[in-house]
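# For reference, the sequence and a predicted model appear below.
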Amino acid sequence: MTVEPKASSSARSTAVKGVVICLVLGLAAPAAAFPGLREGLFGQRPSDGRQITTPPVARYVSEDGDVFTLDRSQARPLLKFDNSYEVWALRPQPAPRGDTIYKNDLGEPVLRATRLGGITLFTDQRPGGSAAALAGVGAPLRLAIMGPQALLERLAQASARASRAARRLIPFEAEATPSSSALIADAAMVTSEAVVRMTRRADARKLLERIVKVRLVAGRKASALVNDGVLEVVVAPPDGLAGRPSSDRIVQVAETVR
């Protein structure tokens with residue numbers, strides 16, 4: 001999993017200050033609503049034997065300064081960094097000592113949650129993990145309602161972003177219905193993120209010459225493939241944000257084209 005450069009200093013400062021203010025001034029609201037806030041921040045076991053709880057949708061700040069939201073209120077946990085378009089759909093798997101490992105659609109670890117409430121974030125820069133502190137309640141990660149005009153604008157935005165990064169036109173086209181429009185719009189931005197990431201690699205020219213056009217369609221299972229220069233991204237609307245390939249998956253598909 002690739003993480004973009006760290007969140008802006010203002011966003012990071014705001015999150016950290018919010019935690020400090022609550023702790024220093026002893027504000028009661030967060031602690032009352034979520035008894036495990038202090039334990040989530042410092043990995044401490046409650047002295048009265050209570051079960052540690054954290055908000056189902058929470059914001060965290062890693063020790064490297066990455067700010068992200070983890071939404072565990074849905075069937076598939078979702079994660080989004082403050083400075084990225086992409087929402088990552090994760091798969092939880094049990095780990096030793098009662099911990100849980102959350103993996104992306106390539107099977108790579110993204111987070112580790114301990115039974116005591118601690119969170120560790122894994123990135124390309126910190127494959128060994130970076131501890132993350134609970135910074136408060138977050139907003140649920142949901143797909144926005146998307147009409148035809150808004151979808152066209154999002155496709156144009158994704159095409160412009162990918163084309164600017166590749167320094168040539170990469171058109172985006174889609175076959176959408178009212179039920180698939182929102183997910184296709186999201187998948188378009190994720191695909192543009194994959195193209196941007198390809199341009200930063202040493203083998204960028206080889207990867208990008210394989211992609212002439214992007215086509216987004218609905219299907220039964222999320223997937224991506226490249227055929228005759230067309231990168232086809234398939235989304236599965238019933239699966240929500242988990243129903244489209246991640247940017248990691250799309251980059252991997254481009255790598256394997258012969």
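On my side now, so go ahead. Numbering: from 1, shown residues only.
# CA-only coordinates of stretch 99-115 in PDB, if you can.
The C-alpha trace of stretch 99-115 is given here as PDB (Å, rounded to 0.1, in the frame of the first residue of the first chain):
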ATOM      1  CA  ASP A  99      -5.100  -8.800  17.500                       C
ATOM      2  CA  THR A 100      -6.600  -8.100  14.100                       C
ATOM      3  CA  ILE A 101      -4.700  -7.400  10.900                       C
ATOM      4  CA  TYR A 102      -6.500  -5.300   8.200                       C
ATOM      5  CA  LYS A 103      -5.300  -6.000   4.700                       C
ATOM      6  CA  ASN A 104      -5.900  -4.400   1.300                       C
ATOM      7  CA  ASP A 105      -7.100  -6.200  -1.900                       C
ATOM      8  CA  LEU A 106      -3.600  -7.400  -2.600                       C
ATOM      9  CA  GLY A 107      -3.400  -9.100   0.800                       C
ATOM     10  CA  GLU A 108      -0.900  -6.600   2.100                       C
ATOM     11  CA  PRO A 109      -1.200  -5.500   5.800                       C
ATOM     12  CA  VAL A 110      -2.400  -1.900   6.200                       C
ATOM     13  CA  LEU A 111      -3.300  -1.800   9.900                       C
ATOM     14  CA  ARG A 112      -2.900  -3.900  13.100                       C
ATOM     15  CA  ALA A 113      -5.400  -3.400  15.900                       C
ATOM     16  CA  THR A 114      -4.600  -4.800  19.300                       C
ATOM     17  CA  ARG A 115      -7.300  -6.100  21.700                       C
END
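# So which residues make contact with that stretch?
1, 43, 52, 70, 77, 79, 88-95, 97-98, 119-122, 129, 222, 245-246, 248-249, 252 (C-beta atoms under 8 Å, 6 or more residues apart in numbering). No exception for glycine: its C-beta is placed from N, CA and C like everyone else's.
# Next, the buried residues of it.
Thr100, Ile101, Tyr102, Lys103, Asn104, Asp105, Pro109, Val110, Leu111, Arg112, Ala113 (16 or more other C-beta atoms under 10 Å).
# what's the most distant pair in those residues?
Greatest spacing in those, by C-beta to C-beta: Asp105 and Ala113 (18.7 Å).
# Spell out the residue ranges of the strands in the stretch 151-258 of the chain.
Remark: strands assigned in the stretch 151-258 of the chain by DSSP state E, counting those that start in this stretch are 172-174, 213-218, 223-227, 230-235.
# strands paired with the first one, and their directions?
The partner list of strand 172-174 in its sheet, established with DSSP bridges, is strand 213-218 (parallel).
# From the chain's centroid, how far away is the strand it pairs with?
Relative to its parent chain, strand 213-218 has a centroid offset of 21 Å by C-alpha atoms, centre = their mean, to the nearest Å.
# Same check on stretch 65-77?
Worked out by C-alpha atoms, centre = their mean, stretch 65-77 lies 8 Å from the chain centre.
# quick check: mean pLDDT across it?
In this model, stretch 65-77 carries a mean pLDDT of 94.
# Same check on stretch 121-137?
Taken as a whole, stretch 121-137 has an average pLDDT of 92.
# cool, stretch 170-178 as well?
96.
# Can you get me the start-to-end distance on it?
25 Å (C-alpha to C-alpha, to the nearest Å).
# again, but for stretch 240-251
21 Å.
# so how far is it from its chain's centroid?
With C-alpha atoms, centre = their mean as the basis, stretch 240-251 stands 10 Å off its chain's centre.
# now stretch 112-128
Offset of stretch 112-128 from its chain centre (C-alpha atoms, centre = their mean): 15 Å.
# now swap in stretch 228-240 and tell me
17 Å.
# in that stretch, what's buried?
Leu231, Glu232, Val233, Val234, Val235, Ala236, Pro237, Asp239, Gly240.
# which residues of the stretch 1-150 of the chain score low on pLDDT?
Flagging of the stretch 1-150 of the chain using pLDDT under 70 yields the residue ranges 1-52.
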